[in-house]
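what follows is a predicted structure for the sequence shown.
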Amino acid sequence: MRRHISIFILLLPLLIASCGKDQKNNPEKQEPATLYFGGDIVTMDGNEPQYAEAVVEQEGKILFVGKLKEAESQFKDAQKKDLNGNTMLPGFIDSHSHFSIALGLVNQANLSSPPMGEVKNFNDIQNALVELKNSRNIAEGEWVIGWGYDPFQLEENRDITKAELDEVLPNHKVMLVHISNHGAVLNSKALEWAGINAKTEQPAGGVIARMEGSMEPAGMVFETAYLPVKAKKPKPNETELMNSVEDVVRQYAENGYTHAQDGATFTHEAIFLKKAAKEGKLDIDLAVLMLFAEKDKWANSEITFDQEYSNHLKFQGVKIVQDGSPQGKTAYMSEEYLTDGPAGEPDWFGEPTMTRDEFTSLFSEFWNSGLQVFVHVNGDAASDDLIYAMESVEAKADQDRRTVSIHTQFHRKDQIEKFAKLGISPTYFTNHCFYWGDDHTANQGAKRGSFISPMKSAINAGLVVSNHSDFNVTPLDPFFILWTSMTRETRSGLKLDQNENLSAYEALQALTTGGAYQMFEENRKGMIKQGLLADFVIIDQNPLKIETDLIKEINVLETIKEGQSIYKIKTNTNNGY
Ligand SMILES: [Zn+2]
């Protein structure tokens, strides 16, 4: 590993400078150029909105950005593509999500409630399961699995039972995995497979729900009762996973992303992704963050952090996790929670993953190896640990190492200043405002809860920021992310600190230029600018020109990666789309 890293350090300036020049330039075999015009082309170049009349693409690169007349006279043979009044932006850059986790879910039914999914009641669950069975031709006796199941979001406000699942799928094994991943509901065939029946005793620390007035299991198993089921649950084999790669790429592409992240990658997953890339399965760029815990395995697994894409895949850096999640009350806070801990602990502050000294030593090891370090920090005490570690390696912003803090949700004003000095670039997670903002207010108090993901303060302090979905924790939907960063409204309609609301343009920067910077790719993507990759998304409304609440309703019409259309909406209604 070290050999690759030291080469990487030497070559870094060269690599960055050469990004965008690697296309072969053989005039005889050149593809025809394409000239885009006829809509709002938002370049994202600069800190104020700028529009171009025309963009010319050839061989995956942007050749020209400017006036239509000039483009027409310079590129007479270009194929013209009329945007028909629609809006073109650089392709969205996902600054933190979990590609590998999504691979395991595409063959399952999405049972999430709005807006993550569409399931509102038991009937919707039944329909989603039957639809999955039909669309995937799942034979009797095989598994039909759903994810994102949350009974508290359903109209019935209770767990669905095995009988209600048997109604629609009596001959399949059915499992609905709870949104927490700590439990599931099984139908009769699945309970039989798990060996759970009226005689099964409830294990300590676990729950086996029973039918009313009997010992007959009702379907739901939780905590220690679920663990053996979880362990025994069938996992997709490599062929099945390989077939899922295109489905997951498509999910990103239909949301307008031309760059995705695998935000915590185990070594076996990295090896699999390399294989998938080699087989040409990646139509978009995928940046991989290797999970710190397996650092000793990397050298033998050809994990090379060379910042170069190979078949759209690159190993970006290393990911350290220093705390948990605020909704699980495992985010590590400097002041105690107002409510008890997850297991009823009084005077609860959450917990760090490791001690400050352990964290600092691990961080220093990666830092000294020349790696780009990404650190999951949710609570402010975890951010304090990151600041401490950065100070101990004498990090400075002008070293341009671009250490990225992931989530950074409970961030104090004094920490933002330190981040600027040390050169930490945060990726925030404003979807939390909507999903768990009410819980955070209850658990952390109005003041701390309200200041979650303080993106405006960070921008004002000169930090380059991005914003992410943490998919599959929240939807990939970039327009929902824009909306949460611009309104900071909770599920109940509470408005969190409105001084931190972003403008539409800032919100877009956090999905384009911000992520490109964090990936050391600002000279390659994130803007519509001459010399950069022709990565575009065409959408049906301009978020800079419509009411904020309508931004959620914007649709992706087409996604273009290096000049190639990788997703196009299926409809004949909208101006050629
Ligand atoms: Zn994550």
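That came through fine. As the structure is a computational prediction, the values presented were derived from the model and not from experiment. Numbering: from 1, shown residues only.

in terms of contact, does Ser310 touch Ala276 like I think?
No - taking contact to mean Cβ atoms under 8 Å, the distance of 11.8 Å between Ser310 and Ala276 leaves them out of contact. All C-beta spots, glycine's among them, are computed from the backbone N, C-alpha and C.

those two: which is more packed in?
Set side by side, Ser310 and Ala276 show unequal neighbour counts under other Cβ atoms under 10 Å, the larger going to Ala276 at 24 against 12.

return the backbone torsion pair for the most centrally placed residue in the chain.
With distances taken as Cα atoms, centre = their mean, Ser97 lies nearest the centre of the chain, 2.2 Å away. Main-chain torsions, Ser97, degrees, to the nearest 10: phi -160, psi -170.

what about the spatially closest residue to it that is not a sequence neighbour, how many neighbours?
With Cβ to Cβ, 6 or more residues apart in numbering as the criterion, Ser97 has its nearest non-adjacent residue at 3.8 Å, and that residue is Phe471. Phe471 is flanked by 27 other residues according to other Cβ under 10 Å.

pull the contacting residues for Phe471.
When contacts are counted by Cβ atoms under 8 Å, 6 or more residues apart in numbering, Phe471 touches Asp94, Ser97, His98, Ala102.

poorly predicted segments of this structure, please.
Scanning the chain for pLDDT under 70 picks out 1-29, 115, 572-576.

for it, what lies in contact range of the ion?
Near the ion, the residues belonging to the chain are Gly263, Asp470 when assessed by Cβ under 5 Å from the ion.

try 6 Å
Counting by Cβ under 6 Å from the ion, the residues of the chain lying close to the ion are His96, His98, Gly263, Asp470.

which element is the nearest residue to Glu522 once chain neighbours are set aside on?
With sequence-adjacent residues excluded and distances taken as Cβ to Cβ, 6+ apart, Glu522 is closest to Ala516, at 4.8 Å. Element membership for Ala516, per DSSP states H and E: helix 513-518.

and that helix, what does it pack against?
strand 92-93, strand 424-428, strand 466-467 (3 or more Cβ pairs under 8 Å, 6 or more residues apart in numbering; DSSP states H and E).

contact partners for the residue nearest to the centre of the chain?
The neighbours of Ser97, taking Cβ under 8 Å, 6+ apart as the test, are Ala260, Gln261, Gly263, His468, Ser469, Asp470, Phe471, Asn472, Leu476.

from the residues of the chain next to the ion, which ones fall inside strands?
Counting by DSSP state E, the members of those that fall within strands are Gly263.

which residues does the closest residue to the ion within the stretch 151-300 of the chain contact?
Distance from the ion to each residue of the stretch 151-300 of the chain (Cβ to the ion) is smallest for Gly263, at 4.6 Å. Listed by Cβ under 8 Å, 6+ apart, the contact partners of Gly263 are His96, Ser97, His98, Phe99, Leu289, Lys319, Phe374, Ile406, Asp470.

now with 6 Å?
His96, Ser97, His98, Leu289 (Cβ atoms under 6 Å, 6 or more residues apart in numbering).

Ala225 too?
Each residue near Ala225 by Cβ under 6 Å, 6+ apart is listed here: Pro203, Gly206, Val207, Ile208.

inside strands: which ones of the residues you listed?
Those of those lying in strands (DSSP E): Gly206, Val207, Ile208.

which one among the residues you listed gets closest to Trp367?
Ranking the ones in strands among the contacts of Ala225 by separation from Trp367, with Cβ to Cβ as the measure, puts Gly206 on top at 42.2 Å.

I'd say that closest one and Val221 touch.
No - in this structure, Gly206 is not within contact of Val221 by Cβ atoms under 6 Å, at 7.2 Å.

so the two - more neighbours on which side?
Comparing Gly206 with Val221 by neighbour count (other Cβ under 10 Å), the higher total belongs to Val221, at 30 against 17.

confirm that that one sits in a strand.
Yes - according to DSSP: H, G, I helix; E, B strand; the rest coil, the state of Val221 is that of a strand.

okay, it and Asn171: tell me how far apart.
Using Cβ to Cβ, to the nearest Å, one gets 21 Å for the distance from Val221 to Asn171.

repeat that for Glu358.
51 Å.

next one: Val106
Counting by Cβ to Cβ, the gap from Val106 to Asn171 is 24 Å.

please apply the same query to Trp436.
In this structure, Trp436 lies at 39 Å from Asn171, with Cβ to Cβ as the measure.

settle it for me: which of these two has more neighbours?
Taking other Cβ under 10 Å, Trp436 and Asn171 do not tie; Trp436 has more neighbours (22 against 12).

report the next helix or strand after the helix or strand harbouring that one in sequence order.
Using DSSP H and E, the secondary-structure element containing Trp436 is helix 431-444. Scanning the chain past helix 431-444 towards its C-terminal end, the next helix or strand to appear is helix 446-450 (assignment: DSSP H and E).

now what about that next one, what contacts it?
Contact with helix 446-450 is made by His440, Thr441, Leu496, Asp497, as judged by Cβ under 6 Å, 6+ apart.

give me the neighbour count for the first one.
Residues lying near His440 (other Cβ under 10 Å) number 26.

how far away is the closest residue to it other than its chain neighbours from the ion?
Taking Cβ to Cβ, 6+ apart, and ignoring the residues beside it in sequence, His440 has Gly449 as its nearest neighbour in space, at 4.0 Å. Spatial separation of Gly449 from the ion under the definition Cβ to the ion, to the nearest Å is 21 Å.

how many neighbours does Gly449 have?
One way to gauge burial is a neighbour count; for Gly449, by other Cβ under 10 Å, it gives 24.

any idea how far Asn443 is from it?
Distance of Gly449 to Asn443, computed by Cβ to Cβ: 7 Å.

likewise Gly146?
Summarising the geometry, the distance separating Gly146 from Asn443, computed by Cβ to Cβ, is 29 Å.
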